[in-house]
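**Q** Okay, here's the prediction I keep looking at, along with the sequence it came from:
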Amino acid sequence: MRVTNHTYMQKTPTYDLEEIKELLQDEDTRIVSRDDLVLAAKLGYPDEDAIVNRVLKVKRSEFHKSMPSKKLAKVWQDVYYTKDGATRIYVKLQISFNGKGVVVSFKESL
């Protein structure tokens, strides 16, 4: 599928959530974006391990949409909204070209 419009979305996940979770559990097969580390720390997730442990609790029923990456052509990212107490968390996940699980975004959803 050729994607030219970044507003195009899918209503089904691109990736198997359980596969992403499995990849994230191993430091050699995971990438956690540095962009949201400060925001995650403010939510009580001070490091990569804490973020990954929270992502491991994300459920398939919390899936929101799949969207094209804004930075990488032909790459899709799955968005989940999950709750931690009263806080709604925006989680964006993907599997990289080299087969690693990626936490693209982890921040409070406003």
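**A** Yep, it's here. Numbering: from 1, shown residues only.
**Q** if I look at Gly10, how far off is Ala73?
**A** For the record, residue 10 is Gln, not Gly. Distance, Gln10 to Ala73, by Cβ to Cβ, to the nearest Å: 16 Å. All C-beta spots, glycine's among them, are computed from the backbone N, C-alpha and C.
**Q** out of the two, which sits in the more crowded spot?
**A** Using other Cβ atoms under 10 Å as the criterion, Gln10 and Ala73 rank with Gln10 on top: 13 against 9.
**Q** which residues does that one bridge with?
**A** Ser66 (DSSP bridges).
**Q** pLDDT score for the nearest residue to Lys11 once chain neighbours are set aside?
**A** Nearest non-adjacent residue to Lys11, counting by Cβ to Cβ, 6 or more residues apart in numbering: Lys65, 6.5 Å away. Looking at Lys65, its pLDDT is 96.
**Q** check contacts around Lys65.
**A** Met9, Gln10, Lys11, Asp78, Val79 (Cβ atoms under 8 Å, 6 or more residues apart in numbering).
**Q** and if we set it to 10 Å?
**A** Lys65 is in contact with Met9, Gln10, Lys11, Thr12, Pro13, Gln77, Asp78, Val79, Tyr80, Tyr81, Lys92, counting by Cβ atoms under 10 Å, 6 or more residues apart in numbering.
**Q** tell me which element the spatially closest residue to Gly101 that is not a sequence neighbour is part of?
**A** Distances taken as Cβ to Cβ, 6+ apart put Leu23 closest to Gly101, at 3.0 Å, once the chain neighbours are dropped. Leu23 belongs to helix 17-24 when assigned by DSSP states H and E.
**Q** next structured bit after that helix?
**A** Going down the chain from helix 17-24, the next helix or strand is strand 30-32, by DSSP H and E.
**Q** which helices and strands sit right next to that following strand?
**A** When contacts are defined as 3 or more Cβ pairs under 10 Å, 6 or more residues apart in numbering; DSSP states H and E, strand 30-32 packs onto helix 17-24, helix 48-55, strand 101-108.
**Q** Can I get the lowest-mean-pLDDT helix or strand in the chain in PDB, CA atoms only?
**A** In the chain, no helix or strand scores lower on mean pLDDT, DSSP states H and E than helix 37-42, which sits at a mean of 93. Presented in PDB, the C-alpha positions along helix 37-42 are these (Å, rounded to 0.1, in the frame of the first residue of the first chain):
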ATOM      1  CA  LEU A  37      11.400  10.000  28.800                       C
ATOM      2  CA  VAL A  38      11.000  13.300  30.700                       C
ATOM      3  CA  LEU A  39       7.200  13.200  30.200                       C
ATOM      4  CA  ALA A  40       7.100   9.500  31.300                       C
ATOM      5  CA  ALA A  41       9.200  10.300  34.400                       C
ATOM      6  CA  LYS A  42       6.600  12.900  35.400                       C
END
